[in-house]
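J.: Here is my input, please return the structure:
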Amino acid sequence: MNRPVEKSLRDAMTACNELMPRVSGVDPGSYLANRDLQLITERLVSAIGEANSQATRVDVSPLETIPDALDIIGTRNRVAHGYDEIRNEVIWDVAVRNIPELLTVLKSMVPED
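T.: Below you'll find the model as predicted:
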């Protein structure tokens, strides 16, 4: 695998690993009431999308392997540029449903150290 692509995918994995324990066991109502957790989640989701974007700029093959890769990148763009239109329910859903699945895929793509 191309080194810059591997680095970007590892960055995405790191952000996934940082996000998952923060939202694990938190119910949607608690998430919606916790602005700090919302901001952390938005930041990490944005980092995941940016890392995927960087990887696909170097090599388009991750687009074929990562399910919904363009949606991940699009979510990052929405958080970064449409910050005033962020729907916390959508970010929550991404964090608890999509991120664990993404991490599994990323682990299968990136060789272990």
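J.: Where does pLDDT dip in this protein?
T.: Where the chain drops to pLDDT under 70, the residues are 113.
J.: At the geometric centre of it, which residue sits there?
T.: A centroid search over the chain (C-alpha atoms, centre = their mean) returns residue 48, at 3.4 Å, as the residue closest to the centre.
J.: residue contacts, that residue?
T.: 12, 15-16, 19, 72, 76, 99, 102 (C-beta atoms under 8 Å, 6 or more residues apart in numbering). For glycine as for every other residue, the C-beta is placed from the backbone atoms N, C-alpha and C.
J.: Which SSE is immediately downstream of the longest helix seen in the chain?
T.: In the chain, assigned by DSSP state H, the helix with the most residues is helix 35-58. Per DSSP states H and E, the first helix or strand lying C-terminal to helix 35-58 is helix 61-65.
J.: what are the C-alpha coordinates of whichever helix or strand comes after that next one, in PDB please?
T.: On the C-terminal side of helix 61-65, the closest following helix or strand by DSSP H and E is helix 69-81. Extracted C-alpha coordinates of helix 69-81, given in PDB (Å, rounded to 0.1, in the frame of the first residue of the first chain):
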ATOM      1  CA  ALA A  69     -16.400   6.600   1.400                       C
ATOM      2  CA  LEU A  70     -17.800   9.600  -0.400                       C
ATOM      3  CA  ASP A  71     -20.500  10.000   2.300                       C
ATOM      4  CA  ILE A  72     -17.800  10.000   4.900                       C
ATOM      5  CA  ILE A  73     -16.000  12.700   3.100                       C
ATOM      6  CA  GLY A  74     -19.200  14.500   2.500                       C
ATOM      7  CA  THR A  75     -20.000  14.400   6.300                       C
ATOM      8  CA  ARG A  76     -16.600  16.000   6.900                       C
ATOM      9  CA  ASN A  77     -17.400  18.700   4.500                       C
ATOM     10  CA  ARG A  78     -20.800  19.400   6.100                       C
ATOM     11  CA  VAL A  79     -19.200  19.600   9.500                       C
ATOM     12  CA  ALA A  80     -16.500  21.900   8.300                       C
ATOM     13  CA  HIS A  81     -18.400  24.200   5.900                       C
END
